[in-house]
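In: Quick one, structure for this:
(one chain, ligands or ions: 1)
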Amino acid sequence: MLAGKKIVLGITGSIAAYKAAYLCRAFIKKGAEVQVVITPAGKEFITPVTLSALTRKPLVSEFFTANDGTWHSHVDLGVWADLMLIAPATAATIGKMANGIADNMLITTYLSMKAPVFIAPAMDLDMYAHPSTQQNLEKLKSYGNYIIEPATGFLASALEGKGRMEEPDTIVQFIEDFFEKKSPLAKKKIVITAGPTYEKIDPVRYISNYSSGKMGFALAEECASRGAKVILISGPVKLNTIYPSIKRIDVESAEEMYRAALEYFPQMDAGILCAAVADYKPVHYSENKLKRKTGEVLDLKLTPNPDIAAALGQIKKPGQILVGFALETDSERIHAEEKLKKKNLDFIVLNSLKEAGSGFQVDTNKITILDSLGNVKDFPLKSKKEVAKDIINETIK
Ligand code: CTP
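Out: So this is what the prediction gives:
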């Protein structure tokens with residue numbers, strides 16, 4: 001659930017700050033990216049070197065870097081993050097957050113935050129029980145923030161009571177549960193085809209296309225980051241994925257991709273067919289390398305490959321969603337509509353090779369989505385990661 005998530009971890013001046021190192025490690029282990037924002041008091045309790053070594057990123061603490069004047073944008077962090085966690089959150093920080101007292105980088109980041117905010121208080125039992133703290137926490141709840149209640153136990157003051165910051169594992173679990181409950185894709189199963197296929201001519205040659213697989217991999221990662229279990233059937237590509245919930249099946253030919261897709265689709269909630277499948281393969285595979293014969297035309301006979309999308313469209317059951325792609329160079333809308341109907345898809349993602357920034361090998365795409373009810377939706381040019389979000393949002397709808 002946390003793989004690929006961008007997390008702003010706010011650390012404040014409490015003895016529980018040492019637990020932030022465990023939090024960083026747990027988030028990173030789950031495939032998340034962590035940016036620490038620490039208050040000046042926080043740095044008295046845990047060293048920036050520990051945190052930057054764990055997160056592999058410099059910490060953000062001041063509004064400016066003293067030596068070169070670089071400005072740290074709390075606004076950019078607010079847009080970048082998928083979630084913000086303040087752990088440990090002291091009574092002072094909770095008070096400032098509740099009242100908008102923006103006198104340090106952590107509070108300005110909080111005020112600019114567009115993502116859900118989680119707060120794990122840590123303080124002495126009397127400070128926690130004080131009506132002022134309780135009122136501030138109520139205020140923060142009313143702003144839509146989530147409080148991860150402190151535990152009861154032995155405190156640094158040698159007293160016993162409620163105020164201990166919750167253990168890192170429990171905090172991580174709380175956040176994972178939150179995203180799982182919120183995500184309509186949680187536990188859904190999705191099969192995605194990606195990349196090109198290779199159709200062998202002889203031991204050293206094949207027929208293929210320019211597909212890089214980037215769009216299909218971006219879709220798989222988007223689904224996984226929203227809690228889905230993904231079967232990614234990929235042709236030969238130079239890409240990796242780090243998500244444990246993506247099961248990758250590497251294939252080479254259209255025939256192999258077809259067999260894998262047919263095997264998995266019946267148990268899936270959705271299929272997204274993003275692969276650039278070679279339409280034809282050589283009728284005969286030559287066991288020996290074909291020799292060049294000067295002056296002679298080589299007659300290579302090709303036979304059609306199975307149409308994976310059409311085959312899945314035929315066995316699609318009610319409740320299953322099937323999404324296809326159409327990469328066209330002419331009469332784009334007409335061809336896309338034909339494919340949508342012929343292959344029994346729920347919607348088709350059209351991209352035109354004529355559009356600058358669309359198509360093979362690039363990191364951007366400009367799409368139009370046509371659905372089986374006749375609706376047409378144009379999207380602006382975006383990164384393939386952003387396009388994947390749009391496609392998954394449509395699939396969820
Ligand atoms: N597709 C597939 N299996 C094939 C060919 C295509 O699953 N053998 C899928 C693609 O992954 C895509 C959709 O069908 O989701 C349309 O692919 P495209 O290559 O645009 O269409 P084709 O049916 O191959 O038609 P043409 O190449 O003639 O445009």
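
In: Spell out which parts of the stretch 201-350 of the chain neighbour the ligand.
Out: 254, 273, 275, 277, 279, 305, 307-309, 324-327, 339 (CB under 6 Å from any ligand atom). Every residue, glycine included, has its C-beta placed from N, CA and C.

In: give me that answer again for 8 Å
Out: 254, 257-258, 261, 273-279, 304-312, 323-328, 335, 339, 342-343, 345, 348-349 (CB under 8 Å from any ligand atom).

In: Which parts of the stretch 151-300 of the chain are helices?
Out: Per DSSP state H, counting those that start in this stretch, the stretch 151-300 of the chain carries helices over the ranges 168-182, 214-225, 254-264.

In: can you list these in a markdown table and add mean neighbour count and mean pLDDT?
Out: Shown next, in a markdown table, are those (neighbours: other CB atoms under 10 Å; pLDDT from 0 to 100):
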| stretch | mean neighbour count | mean pLDDT |
| --- | --- | --- |
| helix 168-182 | 16 | 91 |
| helix 214-225 | 26 | 92 |
| helix 254-264 | 19 | 98 |
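
In: Between those, which one is closest to residue 392.
Out: Ranking the helices of the stretch 151-300 of the chain by their distance to residue 392 (criterion: CB to CB) puts helix 214-225 first, at 5.0 Å.

In: helices or strands up against the closest one?
Out: strand 189-194, strand 229-234, strand 246-250, helix 384-396 (3 or more CB pairs under 8 Å, 6 or more residues apart in numbering; DSSP states H and E).

In: Can you add distance to residue 31 and give the helices of the stretch 151-300 of the chain back as CSV?
Out: Below are the helices of the stretch 151-300 of the chain laid out as CSV (distance: least, CB to CB, whole Å):
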stretch, distance to residue 31
helix 168-182, 12
helix 214-225, 9
helix 254-264, 23
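
In: looking at those helices, which is closest to residue 81?
Out: helix 168-182 (12.5 Å).

In: Need the phi and psi values for residue 38.
Out: phi -120, psi 140 (degrees, to the nearest 10).

In: Find the nearest non-adjacent residue to it, please.
Out: Nearest residue to residue 38 in three dimensions, chain neighbours excluded: residue 11, at 4.5 Å (CB to CB, 6 or more residues apart in numbering).

In: For the one you found, grab phi and psi.
Out: The phi/psi pair for residue 11 (degrees, to the nearest 10) is phi -120, psi 130.

In: same question, residue 358
Out: phi -110, psi 160.

In: hmm, back to that, just the buried residues out of the residues of the stretch 201-350 of the chain next to the ligand, in PyMOL syntax.
Out: A single PyMOL command is used to select the members of those judged buried by 16 or more other CB atoms under 10 Å:
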select buried, resi 254+257+258+261+273+274+275+276+277+278+305+306+307+308+309+312+323+324+325+326+327+328+335+339+343+345+348+349
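
In: of all of the stretch 51-200 of the chain, which residue lies closest to the ligand?
Out: residue 193 (5.8 Å; CB to the nearest ligand atom).

In: Isn't that residue up against residue 274?
Out: Yes - Residue 193 is in contact with residue 274 according to CB atoms under 8 Å; the separation is 5.9 Å.

In: overlap in contacts of these two?
Out: residue 216 (CB atoms under 8 Å, 6 or more residues apart in numbering).

In: which element is residue 141 on?
Out: Secondary structure from DSSP states H and E places residue 141 in helix 131-142.

In: Just checking, which helix or strand succeeds that helix along the chain?
Out: By DSSP H and E, the next helix or strand past helix 131-142 is strand 146-147.

In: Mind listing residues that contact that next one?
Out: 116, 117, 118, 119, 121, 137, 140, 141, 174, 178.

In: try 10 Å
Out: 83, 85, 89, 94, 116-121, 137-138, 140-141, 174-175, 178 (CB atoms under 10 Å, 6 or more residues apart in numbering).

In: In this protein, where is pLDDT below threshold?
Out: 65-69 (pLDDT under 70).

In: Would you list the phi and psi of the residue sitting furthest away from the middle of it?
Out: Relative to the centre of the chain, the most outlying C-alpha is that of residue 295, 53.4 Å out, by CA atoms, centre = their mean. Phi and psi for residue 295, reported as degrees, to the nearest 10, are phi 80, psi -10.

In: could you measure it against the ligand, distance?
Out: 33 Å (CB to the nearest ligand atom, to the nearest Å).

In: and stretch 17-36, which residues are buried?
Out: 17, 19-21, 23-24, 26-28, 30-36.

In: from those, which is closest to residue 70?
Out: residue 35 (14.8 Å).

In: was I right about the closest one contacting residue 59?
Out: Yes - the pair residue 35 / residue 59 is scored as a contact, 8.2 Å apart, by CB atoms under 10 Å.

In: Spit out the residues that contact those two alike.
Out: residue 9.

In: returning to that earlier point: elements contacting the helix holding residue 141?
Out: strand 83-89, helix 91-99, strand 117-121, helix 125-129, strand 146-147 (3 or more CB pairs under 10 Å, 6 or more residues apart in numbering; DSSP states H and E).

In: No further questions, thank you.
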